[in-house]
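1. Make a model of this:
(chains A and B)
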Amino acid sequence: MTYSDFESETTVKYFLLVLLIVGSLFTITPSLAAENIEQNSSSVVNQDSMDTVSEDDTFDEFEEDEFGDDAFGDEFSGEKEKEIFDPLSGYNRVMTSFNDGLYVYVLDPVLLKGYNYIPEPVRVSVNNFFDNLNYPVSVVNNILQLKFKNTGTESLRFVINSTVGILGLFDPAQSWFGLEEHQEDFGQTLGYYGVGGGFHIVLPFFGPTNLRDLAGDFIDFYVNPIYYVDVRRYNIVRNTYQGWGLITYKEFNKMSLYTKEYDNVRQDALDLYPFLRDLYEQSRQKKIEE
Amino acid sequence: MQHHFLKIFFTIVTFLTLSTVLQADELREIKQMMKQNISEVTTLIQDKSVAKEARDREIETIISPLFDFGLMGRLSLGKQTWKKISKEERKAFTELFKKRVRQSYMSKLDLYTDEVVVIDDPIKVKNRVHLPTHLMRKNEKRDVLYKFYKSKKSGWMIYDVDILGVSIIQTYRTQFSGILKKESFAALLEKLKSNENS
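-> Take a look at the predicted model:
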């Protein structure tokens, strides 16, 4: 090990230590933080109600047989045909059918059926393990979004789960200490600073995403330990193929935990592509707003 | 003159205090109502001695009065379409929509095992109330948000549910408007009837 190697390693260690201390300070003063959150949420609600006070009047006149949509109009979008910008809709539709077909005819009856012989708690642990490894991505993006309390919580979670939770296989931080996960990614960071989703893209195998989140994923790869980055010193895998292999396995394992949910949810769709697109875009929006 | 002013002042103060007290009461009432409903439903699900069909029927009778399925259908279809279609079509649509949403909600209950459902404090949003709830599942927090409005006839009723941040009504709105752009209303009714998606 050369001297410069040693030096950068200590810098990283220092950085982590400082993070940990700052983070724990934020976590130790939960009352303060809780106050902050309360203030935030109430201000959001207030703003909301102030914006649309005038529209409330129509609401009271709502009758069973008459249409009372006017007052609700502000809540839902899509009727006024303000087209959702979806230049890839043709391709996306095909890819959605492809992915769904892959799931229904290959993944579910063959691959997952075999894989699910592994007991669920084990698969949950595998998922926990990968989640725990995602710590660098999450912590960087928490910092970029100036969420210092969550940065602290994530750091504490990482330390507890890596040690007491045996390399992240278990989640005692949540179950014993009640420390909730606050994972963030670069797509969310971009969203936090007001970057819109851009158009929707359905990837083969990996499913729905959008322009912003796809770009975010590529940025996140640089700090993601399970992906191979040539210029980086710490790499768990030896090359790009192994990196992709691991990422695919991670997603596959996660999918195995949610087959029932997917089966259930796809039954709700009248038209699968716009339905799944809505599901993705809305849940991402919610995560950004948090 | 001053007397008059004081009188008005006190009326306003009394009115304001009274209305805030009432509001707080209403919020508590909604929370209490949902708490009871959810606990009734979860005990029913966990009770394995009752046959699934009987159990489902019982759950339906608990849940149904909470939802304003008619309004949910109208909101999903959108005002413009609703005005265009005939009375018979409205009736047929409402029936099918009700059935579908109820079915989908009931099938979601099948995913439930033994998680504890936590009901958080209701939030007043304009003259509607949002009731956030969540449960822990496979180490992940799952949010379900119930949205209430006050109907003149039957009090507080649910007009939309957000599951993991996804509004049910919004997903139907997008799908309906997409289908109607290419196809007739009759075709939409056909699709509502069938359980298969294309």
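2. Residue ranges in the stretch 101-250 of chain A under the pLDDT threshold?
-> Within the stretch 101-250 of chain A, no stretch falls below the threshold (pLDDT under 70).
3. can you map out the helices along it?
-> A:113-115, A:120-133, A:135-144, A:148-163, A:172-175, A:186-192, A:211-220, A:240-257 (DSSP state H, counting those that start in this stretch).
4. Including distance to chain B, could the ones you listed go into CSV?
-> Where C-beta positions appear, they are placed from N, C-alpha and C, glycine not excepted. Below are these laid out as CSV (distance: least, Cβ to the nearest Cβ, whole Å):
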stretch, distance to chain B
helix A:113-115, 16
helix A:120-133, 6
helix A:135-144, 14
helix A:148-163, 10
helix A:172-175, 6
helix A:186-192, 13
helix A:211-220, 15
helix A:240-257, 6
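5. wait, which of these is closest to B:Val118?
-> Closest approach to B:Val118 among these is made by helix A:172-175 (14.0 Å; Cβ to Cβ).
6. any idea how far the closest one is from the chain center?
-> Relative to its parent chain, helix A:172-175 has a centroid offset of 19 Å by Cα atoms, centre = their mean, to the nearest Å.
7. which helices and strands sit right next to it?
-> In terms of contacts (3 or more Cβ pairs under 8 Å, 6 or more residues apart in numbering or on different chains; DSSP states H and E), helix A:172-175 is packed against helix A:148-163.
8. in the helix it packs on, what counts as buried?
-> Applying a neighbour-count criterion of 16 or more other Cβ atoms under 10 Å in any protein chain shown, one finds A:148-162 buried in helix A:148-163.
9. Quick check: which ranges of chain B have low pLDDT?
-> B:1-2, B:15-23, B:195-198.
10. In it, where's the longest helix?
-> Counting residues, the longest helix in chain B under DSSP state H turns out to be helix B:2-46.
11. mind listing what the residue of chain A found nearest chain B touches?
-> Nearest to chain B, among the residues of chain A, is A:Lys286, at 2.8 Å (Cβ to the nearest Cβ). The neighbours of A:Lys286, taking Cβ atoms under 8 Å, 6 or more residues apart in numbering or on different chains as the test, are B:143, B:162, B:164-166.
12. Where does it fall, secondary structure wise?
-> Secondary structure assigned from DSSP states H and E places A:Lys286 in helix A:272-289.
13. now that helix and helix A:211-220, what's the angle there?
-> 60 degrees (axes from the mean of the first three to the mean of the last three Cα atoms, to 10 degrees).
14. Measure how far helix A:272-289 is from the centre of its chain, please.
-> For helix A:272-289, the distance to the chain centre is 11 Å (Cα atoms, centre = their mean).
15. Give me the buried positions along it.
-> Buried residues in helix A:272-289, counted by 16+ other Cβ under 10 Å: A:272-284, A:286-288.
16. Repeat that for stretch B:168-179.
-> B:168-179.
17. from chain B, which residue is nearest to chain A?
-> Chain A sits closest to B:Gly165 of chain B, with a gap of 2.8 Å, by Cβ to the nearest Cβ.
18. Distance check, that residue against A:Leu276.
-> Per Cβ to Cβ, to the nearest Å, B:Gly165 is found 14 Å from A:Leu276.
19. Now do the strands in chain B.
-> B:117-119, B:123-125, B:128-137, B:140-151, B:155-163, B:166-167 (DSSP state E).
20. Cool, thanks, signing off.
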